[in-house]
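**Q** the following block contains a protein sequence and its predicted model.
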Amino acid sequence: MAAPSKRSSKVQKVVIGLLSIWSIASIIIIVVWATSPDFKGSAQCRAELRELTEKLEGAKVVFNKDKVALEEQVLEAREEQDRLRGEILLMLGRLNATNATLDECRQQNVELTENVTALQEDVRLLQQKEANLTAQLGLQEERVEALQLNLTQAAHQTETCFSLKAAADSQMLAAQSQTKGCESREQYLGKQLQKCKAAESAAPQEKNQASSSESAPPKDAAAPLAGIPALTLVLSAALHLLT
């Protein structure tokens, strides 16, 4: 940005030099014409001199105007140069800040990369743990299935035991009822046995009476002997019920 200011100063110097050369050449021409009486008369030379003087004055005025304009341009160029220099400094400051921010971003990028690597390692470990837990879960499910099977078998065995208990209870009730029947039968047979014993004890007395009384008929003597088969039948029935 310093190149335009240098170029404008060079242009200003060239213009000023050209105006100076033109002024000097005009003065030389006026002097030559004024000192050459052979070519022109004095009146004509004065008129020309006056004309040249007026032109010189006009040229000086133009030169001064151009000089002022060039000086203003130079001043504006310097102000523009100062403004551009300030902008350059501002942009340099922004660039330095941007570089600092870029360095911070790079550092953060490095830290984020490290964090991502650590997170990836954590994810890998978690996936490995998940695989282990999945395997353990499969084993636990197999154990649960085995326990459920055992529980089902135990439930069936329990039902079987309950059924057997119910059957045993029913058989016990049947046995109790049979026992009561046997006890009743036993009491009945006991009564019959007592009657038979009473009949046997009465039989010898009748025999003695028969021997003493020879005139008794033979049918009365054979009556006691008829109770012995009946007694044997009652005893065998009682033993059968007891067994």
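**A** Done, it's in.

**Q** and the helix or strand harbouring Q157, how far from the chain's centre?
**A** Under the criterion of DSSP states H and E, Q157 resides in helix 42-212. The chain centroid and the centroid of helix 42-212 are separated by 3 Å, computed with Cα atoms, centre = their mean, to the nearest Å.

**Q** which elements pack onto that helix?
**A** Secondary-structure packing of helix 42-212 (3 or more Cβ pairs under 8 Å, 6 or more residues apart in numbering; DSSP states H and E): helix 2-34, helix 218-221, helix 227-242. For glycine as for every other residue, the C-beta is placed from the backbone atoms N, C-alpha and C.

**Q** by mean pLDDT, show me the worst of those.
**A** Per-stretch mean pLDDT for the helices and strands packed on helix 42-212 is lowest at helix 218-221 (a mean of 44).

**Q** pLDDT below threshold where in the protein?
**A** 1-8, 33-43, 45, 203-243 (pLDDT under 70).

**Q** make it 50
**A** Filtered on pLDDT under 50, the chain yields the residue ranges 1-2, 39-40, 214-226.

**Q** burial measure for D103, as a count.
**A** Neighbours of D103 under the rule other Cβ atoms under 10 Å: 10.

**Q** also the one 4 residues further on?
**A** The tally of other residues near Q107 (other Cβ under 10 Å) stands at 10.

**Q** tell me how far it lies from N115.
**A** According to Cβ to Cβ, to the nearest Å, Q107 and N115 sit 13 Å apart.

**Q** for L149, same thing?
**A** On the measure of Cβ to Cβ, L149 and N115 end up 50 Å apart.

**Q** can you check D66 too?
**A** The gap separating D66 from N115 is 70 Å, by Cβ to Cβ.
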